[in-house]
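Asker: give me a model of this one.
(chains A and B)
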2 protein chains.
Amino acid sequence: MKKVLVLGAGQLARMMDLAGAPLGMDIKAFDVRTNNVVHPVDPEHIYGDLQSGISECDVITAEFEHVAHNTLEECEASGKLFPSSNAIKIGGDRRLEKTLLESCQVANAKHYIIENKNDFDEALQQLELPIIFKSALEGYDGKGQWRLKSADQAEQIWLDMAKFIADATSSVPQGIVAEQMVPFDREVSLVGVRNTLGEIAVYPLTENHHTNGILSVSVAAPIDKNLQANAADVFKKIAEELNYVGVLAIEFFQVGKELLVNEIAPRVHNSGHWTQQGADTCQFENHLRAICGLPLGGTQLIRPTAMVNIIGEDDISDDIFSIPSVSLHWYDKDKRVGRKMGHINLCGKNETELAERLVHLSTLLNKESFPDLSEFATRYLAKTSQ
Amino acid sequence: MKKVLVLGAGQLARMMDLAGAPLGMDIKAFDVRTNNVVHPVDPEHIYGDLQSGISECDVITAEFEHVAHNTLEECEASGKLFPSSNAIKIGGDRRLEKTLLESCQVANAKHYIIENKNDFDEALQQLELPIIFKSALEGYDGKGQWRLKSADQAEQIWLDMAKFIADATSSVPQGIVAEQMVPFDREVSLVGVRNTLGEIAVYPLTENHHTNGILSVSVAAPIDKNLQANAADVFKKIAEELNYVGVLAIEFFQVGKELLVNEIAPRVHNSGHWTQQGADTCQFENHLRAICGLPLGGTQLIRPTAMVNIIGEDDISDDIFSIPSVSLHWYDKDKRVGRKMGHINLCGKNETELAERLVHLSTLLNKESFPDLSEFATRYLAKTSQ
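Answerer: From the prediction side, this is the model:
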């Protein structure tokens, strides 16, 4: 029985455990807030500290990229860490990420790295408005971002950013990456996996819809072959450059038929949760297979599948269970505004049936917690019924 | 969060827990051998005794039908037990089962209940050879069965059975049910579910293949509509007669286009394990939904799916993971001859692909532990390729 230690004790470690138990794997999670190794589904159950966790496991992985660097180094020294600390660190620092994208020669938004006022002024020269500024560290889900739409906002934004950099308490210096905003048609992501033997498998591209800067809906459906091949090629370049092992997610802006990399996540990803119902082997199992040196499972789409995030809400009507293909996944967290509390997967034999079910689902969920689901679902239904 | 106590701490309780965790359910298991309430996935984790288990849960159910009657009565007194103790007891006693089938007027094999030598002689008069004798209690997986093929075996079989009855230590008197053996074409089973509101949903009929009296392979594939309707009608009659709540499995002998009920199991069932990969909502989740008063999930076949039992074996080649749709489910049990240790589900986009994968799988498993899988798979492939 393989013993796996996951750095991080959130929903991703939890879902890894639920996927790993049937495989006979023993999954434990390291809670970075308490420094305890805990049971991923029952975090009250404490096993010990990081040192004993490292020595007792066969393989170590991470459920998030913002792990303290000394923790990553301690894990890497054991020879058990997959993916590498380098890959995890890159996912946690937009500066390193941009450098990686350039070295792999994959298309991405025009950008400029800012550490001081001179860099800021230079960025304004080099890039066209509108510009989005993103903190280099800990920047996901819309935190630490500023949008510059007209030149007269520049001074105020610089003051805000300078304070943000100065206030940073991270051991690595905080910085800012300026990106020329891309007038994209849609956001898509590719979740893929590479195992210790170098074998690669990628899931179909998933369309992502955000609400207030947080992923709200992902849809996996039959995809244009050229676009998929393009994304798979980008995945291969990045994964091989990093000698990556595990699941890796790549977020893209789609502009016409082009894909520009937005960011990468060196872990299982929210936009891959649909794979629990829509693919042969879900991303959690494939991540475990990859890091444990097993052959990879099928990543084909079984049928169109959507994932709806449950954000800041812990009370969902039981009526949703009356929709035939609904699968509910709670994370067993205390309710908090903006917090990812769970998700709903639903499928259809074709996109029209999926869209109809999505519309039905939207009528059963409360509008405050799912503010634009109804509009999204209606638009999707209109598109699939064309 | 619904708290569910399962009577029995085997693989069925374990898989209920893995299906219930995403729904936010708290599942505990009562181990009848130790009289402890334990964690279904981690049975070393002990919570307390039956009394505290009953008082702390919202709903009680059972993973097997051979629960001591005083335990069932204690649970039923709490008003939390689903299905009823009556339904569970019927599943554990072939005499009660036959009486139920007769009262529901569903077709079943001609039979005679035996408690003494006079009954035995009468059974031989009433039934034609060959006759199979089955113990009334604890009779599954080929234990406590005798086959009478020619009249000269009668005396020896009676002596064996009389000793078996006399040696019984059960609180309920042991007995024997004699059944005229049915020259069936195949064995099929229907797994269905009825919730507290009386709503019913049934999965497609599954074809079952036995090896040495133990289920070895189940296949779910598109099924003749009339046969399915016939089975669904039998399910409805039995479930409503029992005011049944939860998953109920019915095993049939198929003779031509007719279905004769062989036996019923008042629980999730081995022949329904394929639903984990082949149906919208698996039998474990649907059982939990039913007993917790939730609407039932979809029971349609997504795509042809087979389940292969792993019996008496704890070492399976990692190569099986190279088959795209393979899902492995271990039960975390110590190896023992004849013991169900886990199962493998695999799917195909059509029956031919499924059969090809089954053939491929059979080449990767060791012949001693899967003695007739190769033959079964080859025959299945020949049939689907016709």
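Asker: quick one, strands of the stretch 51-200 of chain A?
Answerer: A:59-62, A:111-114, A:131-135, A:145-148, A:176-180, A:186-194, A:200-202 (DSSP state E, counting those that start in this stretch).
Asker: which of these is buried the deepest?
Answerer: Greatest average neighbour count among those goes to strand A:59-62 (a mean of 27), per mean count of other C-beta atoms under 10 Å in any protein chain shown. C-beta here means a position set from N, CA and C on the backbone, and glycine is covered the same way.
Asker: leaving out sequence neighbours, find the closest residue to the residue of the stretch 51-200 of chain A found nearest chain B.
Answerer: Closest to chain B within the stretch 51-200 of chain A is A:Glu199: 9.4 Å, counting by C-beta to the nearest C-beta. Spatial nearest neighbour of A:Glu199, excluding adjacent residues (C-beta to C-beta, 6 or more residues apart in numbering or on different chains): A:Leu296 at 5.7 Å.
Asker: over to A:His45?
Answerer: Per C-beta to C-beta, 6+ apart, closest to A:His45 is A:His39, 4.0 Å.
Asker: A:Glu56 reaches A:Lys3, doesn't it?
Answerer: Yes - using C-beta atoms under 8 Å, A:Glu56 makes contact with A:Lys3 at a distance of 6.4 Å.
Asker: okay, the strands of the stretch 51-200 of chain A in JSON lines with distance to B:Ile90 and mean pLDDT next?
Answerer: Output for these, formatted as JSON lines (distance: least, C-beta to C-beta, whole Å; pLDDT from 0 to 100):
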{"stretch": "strand A:59-62", "distance to B:Ile90": "48", "mean pLDDT": "98"}
{"stretch": "strand A:111-114", "distance to B:Ile90": "70", "mean pLDDT": "95"}
{"stretch": "strand A:131-135", "distance to B:Ile90": "65", "mean pLDDT": "94"}
{"stretch": "strand A:145-148", "distance to B:Ile90": "63", "mean pLDDT": "92"}
{"stretch": "strand A:176-180", "distance to B:Ile90": "68", "mean pLDDT": "96"}
{"stretch": "strand A:186-194", "distance to B:Ile90": "48", "mean pLDDT": "98"}
{"stretch": "strand A:200-202", "distance to B:Ile90": "48", "mean pLDDT": "98"}
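Asker: in terms of pLDDT, where does the residue of the stretch 51-200 of chain A closest to chain B sit?
Answerer: On the pLDDT scale, A:Glu199 is placed at 97.
Asker: what about it, neighbour count?
Answerer: 14 (other C-beta atoms under 10 Å in any protein chain shown).
Asker: quick check, it in contact with A:Leu294.
Answerer: No - using C-beta under 8 Å as the test, A:Glu199 is too far from A:Leu294 to be in contact (10.0 Å).
Asker: what about chain A, any weak spots by pLDDT?
Answerer: Within chain A, the segments meeting pLDDT under 70 span A:139-143.
Asker: and the helices in it, which stretches?
Answerer: Under the criterion DSSP state H, helices of chain A are mapped to A:11-20, A:50-56, A:69-77, A:85-91, A:94-104, A:117-126, A:154-167, A:225-241, A:275-278, A:283-291, A:351-364, A:373-384.
Asker: need those in a markdown table with mean neighbour count and distance to B:Gln386, can you?
Answerer: A markdown table is the format used below for the helices of chain A (neighbours: other C-beta atoms under 10 Å in any protein chain shown; distance: least, C-beta to C-beta, whole Å):
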| stretch | mean neighbour count | distance to B:Gln386 |
| --- | --- | --- |
| helix A:11-20 | 26 | 38 |
| helix A:50-56 | 15 | 54 |
| helix A:69-77 | 16 | 56 |
| helix A:85-91 | 22 | 51 |
| helix A:94-104 | 18 | 51 |
| helix A:117-126 | 14 | 68 |
| helix A:154-167 | 13 | 70 |
| helix A:225-241 | 17 | 33 |
| helix A:275-278 | 26 | 32 |
| helix A:283-291 | 29 | 35 |
| helix A:351-364 | 19 | 32 |
| helix A:373-384 | 17 | 37 |
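Asker: just give the closest residue to A:Thr211, not the sequence neighbours.
Answerer: Nearest non-adjacent residue to A:Thr211 (C-beta to C-beta, 6+ apart): A:Asp372, at 5.5 Å.
Asker: let's have the strands of the stretch 51-200 of chain A in a markdown table, adding distance to B:Phe184.
Answerer: A markdown table is the format used below for the strands of the stretch 51-200 of chain A (distance: least, C-beta to C-beta, whole Å):
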| stretch | distance to B:Phe184 |
| --- | --- |
| strand A:59-62 | 49 |
| strand A:111-114 | 70 |
| strand A:131-135 | 67 |
| strand A:145-148 | 67 |
| strand A:176-180 | 69 |
| strand A:186-194 | 45 |
| strand A:200-202 | 43 |
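Asker: can you list the residues of the stretch 151-300 of chain A near chain B?
Answerer: A:Asp280, A:Thr281, A:Arg289, A:Leu294, A:Pro295, A:Leu296, A:Gly297, A:Gly298, A:Gln300 (C-beta under 8 Å from any C-beta of the partner chain).
Asker: run a quick neighbour tally on the second one.
Answerer: A count of nearby residues for A:Thr281, using other C-beta under 10 Å, gives 25.
Asker: between the two ends of stretch A:266-276, what distance do you get?
Answerer: 19 Å (C-alpha to C-alpha, to the nearest Å).
Asker: with adjacent residues omitted, what lies nearest to the residue most central in space within chain A?
Answerer: Residue closest to the mean C-alpha point of chain A, counted by C-alpha atoms, centre = their mean, is A:His269 at 3.4 Å. Leaving aside its chain neighbours, A:His269 sits nearest to A:Ala249 (3.4 Å; criterion: C-beta to C-beta, 6+ apart).
Asker: give me the residue from the stretch 151-300 of chain A nearest chain B.
Answerer: For the stretch 151-300 of chain A, C-beta to the nearest C-beta, closest residue to chain B: A:Gly298, 3.3 Å.
Asker: good, wrapping up.
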